[in-house]
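Peer 1: turn this into a structure:
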Amino acid sequence: CIYYHDSVYVQEIDFPIQVRSGNNIVAFLDQYEDGLRVFYKGETKTIESFNPRSFVVGNDLMAYTTREGIFRIFWNGKVFEIGNYIPTFLEVKDNIIVYGDRVRYSYAFYKGKSYPLENFIPASININQSTFFYYDQSNRLKIFSKGKLSAMPIETYLSVSNDYDVVKMQLSGNQYRFFSGGKTY
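Peer 2: A predicted model of the protein is given here:
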């Protein structure tokens, strides 16, 4: 059973073996019947006939690799075929998927579109809601927010944090810079 918006939805499965959920979505596999099932906004669909190699769920989205090694993303009730490869890097959190292709180029998937980031996989990515930040190979802070990639001025930041789409950068002492809505304050 899935409890969603004050209602209980009974699922026609015998024994779930893997269940992952996010806002408005639950993805699961059954021990006795192959197929990747997705409960999305009150409706359950089998989106793959065979169990995938792996799957990861965020808010309203899911990334998975099919048994055949095809990388796909489920978002807003649709399946997007990203490529015929297993991602070299994959992070799914909140509303964003960050992944690396077979030659280790990095991309962000946000609201149905893939955005190229770099020709490498960043060492560390901090995702919160629809925003993430990372450092490029020149140690420059870059922020991806709601479909747009921005490079911050080259400065020494004592700390950087991301809280609900607001990136806070501490300069020296008590000086701070904030990035939100595509603008720096």
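
Peer 1: most distant residue from the centre of this protein?
Peer 2: Ranked by distance from the centre of the chain (CA atoms, centre = their mean), the top residue is Gly173, with 34.0 Å.

Peer 1: list the residues that contact it.
Peer 2: Residues touching Gly173, when contacts are defined by CB atoms under 8 Å, 6 or more residues apart in numbering, are absent altogether. (Each C-beta comes from the backbone N, C-alpha and C, glycine too.)

Peer 1: Ser21 too?
Peer 2: When contacts are taken as CB under 8 Å, 6+ apart, Ser21 is in contact with Ala27, Val57.

Peer 1: what are the bridge partners for it, then?
Peer 2: Listed beta-bridge partners, Ser21: Val26 (assigned using DSSP bridges).

Peer 1: where does the chain dip in pLDDT?
Peer 2: Within the chain, the set of residues satisfying pLDDT under 70 is empty.

Peer 1: ok, which stretches of it are helices?
Peer 2: Chain-ordered helices for the chain, with DSSP state H as the definition, do not occur.

Peer 1: so which residue is dead centre in it?
Peer 2: For the chain, the residue nearest the mean C-alpha position is Ile97 (2.3 Å; CA atoms, centre = their mean).

Peer 1: do you know how far that one is from Tyr64?
Peer 2: Ile97 sits 11 Å away from Tyr64 when distances are taken as CB to CB, to the nearest Å.

Peer 1: kindly report the same for Asp6.
Peer 2: Counting by CB to CB, the separation of Asp6 from Tyr64 is 29 Å.
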